[in-house]
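Participant: Provide a 3D model corresponding to the input given below.
(chains A, B, C and D)
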2 protein chains.
Amino acid sequence: MNIGDVAEKSGLPPKTIRYYEDIGLIDPLRSANGYRSFRAADLHKLAFLGRARALGFSIEDCRALLQLYEDESRTSAEVKLIAEHHLQEIDLKIAGLKEMQNTLAALVDACAGDHRPDCPILESLADG
Amino acid sequence: MNIGDVAEKSGLPPKTIRYYEDIGLIDPLRSANGYRSFRAADLHKLAFLGRARALGFSIEDCRALLQLYEDESRTSAEVKLIAEHHLQEIDLKIAGLKEMQNTLAALVDACAGDHRPDCPILESLADG
DNA sequence: CCTTGACCTTCCAGTCACTGGAAGCCTTAT
DNA sequence: ATAAGGCTTCCAGTGACTGGAAGGTCAAGG
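Facilitator: Here you go, the predicted structure:
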């Protein structure tokens, strides 16, 4: 398979796939013409990476997860640890965003949004 | 005031303050020795920026908000528009994160986290 | 045989909002 | 005289791509 095929099948853009090779996440073969030649296993890895990234795992987490996936002697505890850390970060991010959301929603609500210059949003930013 | 003072008072690191000058958000005076010399108005702007950034506004949004703040002939509608757009993006981000959170929490929950290699997390990443 | 178009290749630069570090000047206190 | 601490500039790196340029390859049609 050429890169276009795996791009379509994995849902990842060719640029991203080349990038993943660059940083050592995958290692496809090369055809005589220099084109990357992807095996089923490569496609499988890319799909794995796509799903892990969609869950918000960092590239380094993905690298670790992929290694664990391929390591028969892994323990599920190792995997779970990574996932739990990541879940915590997601929780924190959500909490932060919700605070912004609350504050901002109140300000937007209080703002008339008309032709006049008076604006609680600006006032809040200006004076805390 | 020197940069250290405004850093402390605004809560922004000196590096960030220099960066904000670089990109034209502020324009402090210079003392004879080349040090930046901040007026009260500069500090005020920095505090404004700090609060806007804390609400998640992009630098370009901050620039626009600052301009509106200083423009007596602004309308609150202009301000509100920016805030509403940003609020929408926050909503979207939260929604995305919550989806991750749901999926991931279920997987973490299903994972034994023991010495065995079997792991629903990896299985889910591998097979969709 | 030639051309066209759709692939593919590499490499460089840009994104966003900083942040770290190096090299060197200025000020204050000892 | 020197040491500490604060200030300056400039360059490079962060994460995870993404866009674009310049050029090689391949299959189909004329």
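Participant: A:Glu8: neighbour count?
Facilitator: Neighbour count for A:Glu8, taken as other C-beta atoms under 10 Å in any protein chain shown: 11. Backbone N, C-alpha and C define where each C-beta goes, glycine included.
Participant: how close does it sit to DNA strand C?
Facilitator: Distance, A:Glu8 to DNA strand C, by C-beta to the nearest atom of the strand, to the nearest Å: 9 Å.
Participant: From A:Leu49, how far out is that residue?
Facilitator: A:Glu8 sits 16 Å away from A:Leu49, taking C-beta to C-beta, to the nearest Å as the criterion.
Participant: Equivalent analysis for A:Ser124, please.
Facilitator: In this view, A:Ser124 and A:Leu49 are 42 Å apart by C-beta to C-beta.
Participant: what's the answer for A:Val79, then?
Facilitator: A:Val79 is 15 Å from A:Leu49, by C-beta to C-beta.
Participant: all helices of chain A, in order?
Facilitator: Taking DSSP state H as the criterion, chain A carries its helices at A:3-10, A:14-22, A:40-54, A:59-70, A:76-110, A:120-127.
Participant: Can you check what angle separates the longest one from helix B:120-127?
Facilitator: Note on geometry: by axes from the mean of the first three to the mean of the last three C-alpha atoms, to 10 degrees, helix A:76-110 and helix B:120-127 are set 80 degrees apart in direction.
Participant: quick one, helix A:76-110 and helix A:40-54 angle?
Facilitator: 40 degrees.
Participant: and helix A:76-110, what other elements does it pack with?
Facilitator: Other elements packing on helix A:76-110 under the criterion 3 or more C-beta pairs under 8 Å, 6 or more residues apart in numbering or on different chains; DSSP states H and E are helix A:59-70, helix A:120-127, helix B:76-110, helix B:120-127.
Participant: Out of those helices, which is closest to DNA strand C?
Facilitator: helix B:76-110 (10.6 Å; C-beta to the nearest atom of the strand).
Participant: any idea of the mean pLDDT for that closest one?
Facilitator: For helix B:76-110, mean pLDDT rounds to 97.
Participant: what's the neighbour count on the residue nearest to A:Ile90 when sequence neighbours are not counted?
Facilitator: Nearest non-adjacent residue to A:Ile90, counting by C-beta to C-beta, 6 or more residues apart in numbering or on different chains: B:Gln101, 5.1 Å away. Counted with other C-beta under 10 Å, residues neighbouring B:Gln101 total 18.
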